[in-house]
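J.: predicted structure and sequence below. I'll ask about it afterward.
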Amino acid sequence: MEKILIIGGVAAGATAAAKARRLSSDAKITILEAGPDISFANCGLPYYIGGDIKSRSKLILQSPESFYEQYQVEVYVNTTATKIDRENKIVYAINSVTGEKMEFEYTKLILAQGGKPIAPPIPGSDQAHVFQLWTLEDMDKIKSFIENNKPKTAVVVGGGFIGLEMTEALVKRGIKVSVVEMMPHVMNIMEAEIAGFVQQEMLSYGVNLFTNNAVSEIGTNNVILKDGTKIDADMVLLSIGVRPTLKLAQEAGLAIGEAGGLLVDSTLKTSDGNIYAAGDMVEIEHRVLGKKVRIPLAGPANRQGRIAAENALGKRHEYKGAIGTSIVRVFDAVAGITGLSLKAARAAGFKADAIVVHKEHHTSYYPGAELVTVLIVYDRETGVILGGQTAGYAGADRRLDVLATAVASKLTVYDLADIDFAYSPPLGTANDAMNMAAFVAENRISGYSPSLTVAEIDDYLNGKEALWIDVRDVFAYEKSHVGGAVNIPLEILPSVLNRIPKEHLILVYDQTGKKGHQALRTLVGAGFAKVFNVSGGFESLSRYARAITPVNFQINLPPIELKTIGEKENQDNKSVLSGEIKKEDSNEPLIVDVRTEEEFSYGAVPGAINIPLDELKYRIDELGRKDRKIILYCASGARSAYAVQILRAYGFTNLENGGGLTRMMARLKNDFK
């Protein structure tokens, strides 16, 4: 009879035990768990503290009794394995509550001890108001402290996944939170502009950020940073990383790998043929890098547990490795990563480039459309997708899963460009953000549309002078722009090409990159040779500057718009006052903006009145004499053309389609008569 002994529960261990039972009805299966809980939703802990999960019991997935009833697996909690006798296949253990010493025989052993939070040697870190979050017990202590002590301020040390999830949880409990991160920005595994989106969301909820800094001392009600800054802190959460639990394996003489985890082969077998391992304690193959790495994530741990059980029972199932797909939601902002970042890809020797697009997650005319960001890292010679990142308030998770599939399947940007994605106006667009990202990558590879990411631009400009051309409208430009940039709206660009010096290096940008591409093609077609489009446009520029202070360019960022917990903004239902039309006999033309109220509130021609196209025929009487000169305009000239037809049908005779807003602003100095 097989005796399968598993050390460790939660993700990998509990999954291995359940899989082993499904494979063998007669094997003796035993789990030794050092803590009090065999299987709990450790990823859900911050959400219970923050109040999103109301019931603690929902986090408890299994008890020793329920596990035995369902799987006939014997579970020993509060039981620490102290020694592995590999020769005799015996594990020695001790019950941490009773002190009882025990011995367990095995034919196959599966190690699933996971990892533990790193406890930094910071003076004052042993105080009662300093916490880490890893277990249900940790969660209970934090919740109890908040309820009993009513802290007003908190410092979260570490800007990774748990740190940011706990930041949101503490803000939801009414606590003023400061985050300290020693790297240049939070979520350091992500590109600066993706992290900048998250940081902007944190700032909007009143979170203080201290990056490129570290805690040197924890006081009774504050922390002191290395630069001397003091931050109020009624409580402190340490969340700076996880270290694999390897003491038992090391003392048993099992091989440790170069990445610092327990070494296993493709079947998850250790250097001992009778011992397998899974989860956060092992190092596994990175499917893009082709080398051993540690990826302490719940998804890979669960799959490794299944595979380890199969192979321990005589099957042959090879684990193909992982690509590190991970995602975080901070307040309403979502950001994720899969595969390699651009920096990691180039450091690994790939001839890698990257592009960024920002596109509506569903059709712009359907209410509720939000920008979703897609960043793709690819090999510029083969087009193979090496990694990617997404961000947004809606749709980022769906696009990240597509990228993860592309990376795991070694698809190229050319493959991605031709994939049919689900489309319906409330759910997507005819050309999804994924298609658009692939198109942009194709254009960069071919040289049809040379582009640079913001990070690349910051490096590229070192020692160079560039002419920045902002092709957005004047209202967007006045709100915020790159220092020294010249505002030439796209619609005006062809008429002023002779004023732009051809010998200059030119960097062109719009809001998201799309019109920047069009501007670049206009310039290239006119003979300009040194032109780059800023990948992702001003959206990427501003997010990057939120995360990292640019070295070789400056940008004046608009103030953060503050948000509050529970606030539900519905821009589509906002009512904007557009003023009343004065019925007066005048020779001055009446300028009518037929865009929506929301568009009008963003910026309009001085003196214009707003009558949205859909309302025009119901407000005819407000326009006065039918022979008065009326100039109508919209965003592009399309809706105003319809407006002209409507008014003609009602007998108006002196009408002009002024075209788009940009064109109207350009003719402000002319006489409208």
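T.: Yep, it's here. Numbers count the residues shown, from 1 in each chain.
J.: what's the helix or strand for Met139?
T.: helix 136-149 (DSSP states H and E).
J.: flag every buried residue along the host helix or strand of Glu310.
T.: Using DSSP H and E, Glu310 maps to helix 298-312. For helix 298-312, the buried set under the neighbour-count rule, 16 or more other C-beta atoms under 10 Å, comprises 298, 300-312. In this view, the C-beta of every residue, glycine as well, is placed from N, C-alpha and C.
J.: where in the protein is pLDDT low?
T.: Applying pLDDT under 70 to the chain flags residues 567-586, 669-673.
J.: repeat the analysis, applying 80 as the threshold.
T.: Scanning the chain for pLDDT under 80 picks out the ranges 566-587, 667-673.
J.: what sits opposite the residue positioned nearest the centre of the chain in the beta ladder?
T.: With distances taken as C-alpha atoms, centre = their mean, Ala335 lies nearest the centre of the chain, 1.0 Å away. Residues in a beta bridge with Ala335, per DSSP bridges, are Val328, Ala391.
J.: list the contacts of the closest residue to Ile240 other than its chain neighbours.
T.: Sequence neighbours aside, Gly158 is the residue nearest to Ile240 in space, at 4.2 Å (criterion: C-beta to C-beta, 6 or more residues apart in numbering). By C-beta atoms under 8 Å, 6 or more residues apart in numbering, the contact list for Gly158 reads 179-181, 238-241.
J.: switch to 7 Å and redo it
T.: Shown in contact with Gly158 (C-beta atoms under 7 Å, 6 or more residues apart in numbering): 181, 238-240.
J.: quick one: Tyr378 and Gly387 touch, right?
T.: No: using C-beta atoms under 7 Å, Tyr378 and Gly387 do not qualify as a contacting pair, with a distance of 8.5 Å.
J.: pull the residues that contact the helix holding Glu310.
T.: Under C-beta under 7 Å, 6+ apart, the answer for helix 298-312 is 4, 11-13, 15-16, 19-20, 23, 43, 108, 110, 112, 267-269, 276-280, 317, 319, 322.
J.: let's see 6 Å
T.: Helix 298-312 has contacts (C-beta atoms under 6 Å, 6 or more residues apart in numbering) with 4, 11-12, 15-16, 19-20, 43, 108, 110, 267-268, 276, 278-279, 317, 319, 322.
J.: one more: stretch 469-478?
T.: 481, 485-490, 508, 510-511, 515, 519, 603, 661-662, 665.
J.: which two among those residues are spaced furthest apart?
T.: Val508 and Gly603 (21.2 Å; C-beta to C-beta).
J.: those two: which has the busier surroundings?
T.: Between Val508 and Gly603, counted using other C-beta atoms under 10 Å, the more crowded position is Val508 (29 against 14).
J.: tell me what the helix or strand harbouring that one is packed against?
T.: Val508 is part of strand 505-509 when elements are defined by DSSP H and E. The elements that strand 505-509 packs onto, with contact taken as 3 or more C-beta pairs under 6 Å, 6 or more residues apart in numbering; DSSP states H and E, are strand 466-470, helix 514-525, strand 531-534.
J.: repeat that for 8 Å
T.: Packing partners of strand 505-509 (3 or more C-beta pairs under 8 Å, 6 or more residues apart in numbering; DSSP states H and E): strand 466-470, helix 514-525, strand 531-534, helix 537-547.
J.: next, the angle from that strand to strand 466-470.
T.: With axes from the mean of the first three to the mean of the last three C-alpha atoms, to 10 degrees as the basis, strand 505-509 and strand 466-470 are set at 20 degrees to each other.
J.: helices along the stretch 151-300 of the chain, start to end?
T.: 161-172, 192-204, 247-251, 298-312 (DSSP state H, counting those that start in this stretch).
J.: what's the answer for the stretch 351-500 of the chain, then?
T.: 396-408, 413-417, 433-446, 454-460, 474-479.
J.: okay, the ones you listed in TSV with mean neighbour count next?
T.: Formatted as TSV, the helices of the stretch 351-500 of the chain follow (neighbours: other C-beta atoms under 10 Å):
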stretch	mean neighbour count
helix 396-408	21
helix 413-417	20
helix 433-446	22
helix 454-460	19
helix 474-479	15
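J.: just put these in a markdown table and tack on distance to Asn149.
T.: What follows is these, written out as a markdown table (distance: least, C-beta to C-beta, whole Å):
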| stretch | distance to Asn149 |
| --- | --- |
| helix 396-408 | 36 |
| helix 413-417 | 52 |
| helix 433-446 | 45 |
| helix 454-460 | 43 |
| helix 474-479 | 43 |
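J.: may I have the beta-bridge partners of Asn533?
T.: Beta-bridge partners of Asn533, as defined by DSSP bridges: Ser451, Val508.
J.: how about it, what does it touch?
T.: Contacts of Asn533 by C-beta under 8 Å, 6+ apart are 449-452, 508-509, 513, 516-517, 519-520.
J.: now, of those, which are buried?
T.: Counted by 16+ other C-beta under 10 Å, the contacts of Asn533 give 449, 451-452, 508-509, 513, 516-517, 519-520 as buried.
J.: pull the most distant pair out of those.
T.: Top of the distance list for the buried ones among the contacts of Asn533 (C-beta to C-beta): Leu452 and Ala519, 14.7 Å.
J.: show me which positions of stretch 463-473 end up buried.
T.: For stretch 463-473, by 16+ other C-beta under 10 Å, it's 466-473.
J.: kindly report the same for stretch 317-337.
T.: Buried-residue list, stretch 317-337, by 16+ other C-beta under 10 Å: 319, 321-337.
J.: again, but for stretch 498-514
T.: 500, 506-514.
J.: sorry, back to before: put together TSV for the contacts of Asn533, with distance to Ile142 on each row.
T.: Shown next, in TSV, are the contacts of Asn533 (distance: C-beta to C-beta, whole Å):
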residue	distance to Ile142
Ser449	50
Pro450	51
Ser451	46
Leu452	44
Val508	50
Tyr509	44
Gly513	42
Gly516	47
His517	49
Ala519	52
Leu520	52
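J.: among these, which pair sits farthest apart?
T.: Pairwise over these, using C-beta to C-beta, the maximum falls at Leu452 and Ala519, 14.7 Å.
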